[in-house]
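[1] I need the structure of the sequence given here:
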Amino acid sequence: MKGLNALAHALLYIKMRTKKSQLKMTETIAILVVFFILLLFGLVFYGQYQKSSLAKQEERFFEGRAVASSLKTNFMQEIRCEDEPTGTCIDLYKFDILKNKIEEPGSDYARFYSNLFYGMKVSIENLISDYFDGAVLYESPVNWTRKTAVQTPVILRDVTAVAGDGTYIKKEYFGVLNVEIYR
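    Numbers count the residues shown, from 1 in each chain. Coordinates of the predicted model:
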């Protein structure tokens, strides 16, 4: 009888040990499940943070491109007044000539400036005088969802103005150089 009692005791010990092992394994699995859920939340949060950070960085890059393009346009020799090295004056006569050359289909000017001004609209606007409203130098035919505009105050000089006695005079108007970049 003593052997049966020992055998029953051993089976009971094994059964209890198995239950403890199963309980520990269940605890370990539960801890791993919680850990992976927390890890998943962390990855989702980090991904959203990176996405918004990337969007802000893209916006800063887009605005920087707009300002750089505005400065490049403002200092173009093709439209700048000869006696103004600062880039604050636009010669309306030169502007009109360049505009006509760009509008010629298939010309070298059209190809060059379509690459330079891709995704942009470049125009001038007269703010004070009724002499003319403004003119568009180039407008890129692209589909866009957003745009950024940079306006630079400039002097618009007309060297083809004729005085009452028939002589040419320089007339100056206050205007704005508009550079709009499309995205």
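[2] Name the helix or strand for the most centrally placed residue in the chain, please.
    Taking Cα atoms, centre = their mean, the centroid of the chain lies closest to Phe62, which sits 2.5 Å from it. In this structure, Phe62 sits in helix 2-74 according to DSSP states H and E.
[3] Which element is encountered next along the chain beyond that helix?
    strand 89-91.
[4] Show residues contacting the helix or strand just after that next one.
    Sequence-wise, the next helix or strand downstream of strand 89-91 (DSSP H and E) is helix 92-103. For helix 92-103, contacts defined as Cβ atoms under 8 Å, 6 or more residues apart in numbering pick out 78-80, 107, 109-110, 113, 124, 132, 135-138, 156-160. Where C-beta positions appear, they are placed from N, C-alpha and C, glycine not excepted.
[5] again, but for stretch 112-125
    Stretch 112-125 is contacted from outside by 69, 73, 90, 95, 102, 133-140, 142, 144, 154, 156, 175-183, using Cβ under 8 Å, 6+ apart.
[6] What of stretch 59-79?
    So stretch 59-79 is in contact with 80, 87-88, 90-91, 94-95, 98, 117, 120, 122, 137, 148-150, 152, 154, 177, 179, 181, 183, going by Cβ under 8 Å, 6+ apart.
[7] So what's the gap between the helix or strand harbouring Asn115 and the chain middle?
    Assigned by DSSP H and E, Asn115 belongs to helix 108-116. How far helix 108-116 lies from its chain's middle: 22 Å, per Cα atoms, centre = their mean, to the nearest Å.
[8] What are the buried residues along it?
    Neighbour counts using 16 or more other Cβ atoms under 10 Å place 109, 113 of helix 108-116 among the buried residues.
[9] and if you look at stretch 58-67?
    Applying a neighbour-count criterion of 16+ other Cβ under 10 Å, one finds 65-66 buried in stretch 58-67.
[10] Let me know the average pLDDT across that stretch.
    The pLDDT scores in stretch 58-67 average 86.
[11] which stretches of this structure have low pLDDT?
    By pLDDT under 70, the weakly predicted segments of the chain are 1-4, 6-17, 87.
[12] can you do 90?
    Along the chain, the model assigns pLDDT under 90 to residues 1-28, 55-56, 58-89, 91-93, 102-111, 113-121, 126-150, 157-174, 180-183.
[13] And Glu84, its phi and psi?
    Note on Glu84: backbone dihedrals following degrees, to the nearest 10 are phi -120, psi 90.
[14] Kindly report the same for Lys121.
    According to degrees, to the nearest 10, Lys121 has phi -130, psi 130.
[15] So that it lines up with my notes, have the first residue be 11 from now on.
    From this message on, residue numbering opens at 11, which makes the last subject Lys131.
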